[in-house]
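A.B. asks: Build me a model from this:
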Amino acid sequence: MKTYKFKINGKDYSVDINGIEGCNASVTVNGVAYDVELENEAPAAASAGLAEPVAPVSATPVSGPAPAPAAAPVSANGGAGSVVKSPLPGVIISIDVKEGQAVKKGQKVAVLEAMKMENEIQSDADGTVSAILVQKGDSVLEGAEILKIA
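C.D. replies: Reported below is the predicted structural model:
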């Protein structure tokens, strides 16, 4: 097993390469197991950690839905609206708004279960929900986009 440490958008990730067979790799990212499909078949030396890494094409969690990717922050002053992000990794247990619904700053928009606790996710701006980016039951990472407010 080979372990890598990454920092992406200021967030730390620990990635363990558990094994590679052909175009499939078994990896663990921050304690969550994934099966990753590689673009090209990995050379035989890759399993021993002797070859250059091959870029992943898609990742599917071993159990549960894929976490939403974290994106660059959107400025509330830029006219593009704002994005409500997950404050910590967990599972979405409810979404309390619908697309097109008006929301006020501080209004509960979703509930996230993390570390056996329910955490209310609140709107960070007044506006209208323009997109809901997750579904009930989705696993999300810290910083993952939950919804957009225009």
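A.B. asks: Would you map out the domains in the protein?
C.D. replies: The chain is divided into the following domains under automatic domain parsing: 2-61, 76-149.
A.B. asks: Averaging pLDDT per element, find the lowest-scoring helix or strand in this structure.
C.D. replies: strand 56-61 (a mean of 51; mean pLDDT, DSSP states H and E).
A.B. asks: Make CSV from the domains of the chain and add mean neighbour count to it.
C.D. replies: Just so you know, the C-beta spots here come from the backbone N, C-alpha and C atoms, and that holds for glycine as well. Below are these laid out as CSV (neighbours: other C-beta atoms under 10 Å):
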stretch, mean neighbour count
domain 2-61, 13
domain 76-149, 16
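A.B. asks: mean pLDDT lowest for which of those?
C.D. replies: Lowest mean pLDDT within those: domain 2-61, at a mean of 71.
A.B. asks: and V91, what helix or strand is that in?
C.D. replies: Assessed by DSSP states H and E, V91 sits inside strand 90-95.
A.B. asks: Which other helices and strands does that strand contact?
C.D. replies: Under the contact criterion of 3 or more C-beta pairs under 8 Å, 6 or more residues apart in numbering; DSSP states H and E, strand 90-95 touches strand 108-114, strand 139-140.
A.B. asks: how about a cut-off of 6 Å?
C.D. replies: When contacts are defined as 3 or more C-beta pairs under 6 Å, 6 or more residues apart in numbering; DSSP states H and E, strand 90-95 packs onto strand 108-114.
A.B. asks: Which residues does the helix or strand following the strand it packs on contact?
C.D. replies: Using DSSP H and E, the next helix or strand after strand 108-114 towards the C-terminus is strand 117-122. For strand 117-122, contacts defined as C-beta atoms under 6 Å, 6 or more residues apart in numbering pick out 106, 108-112, 146.
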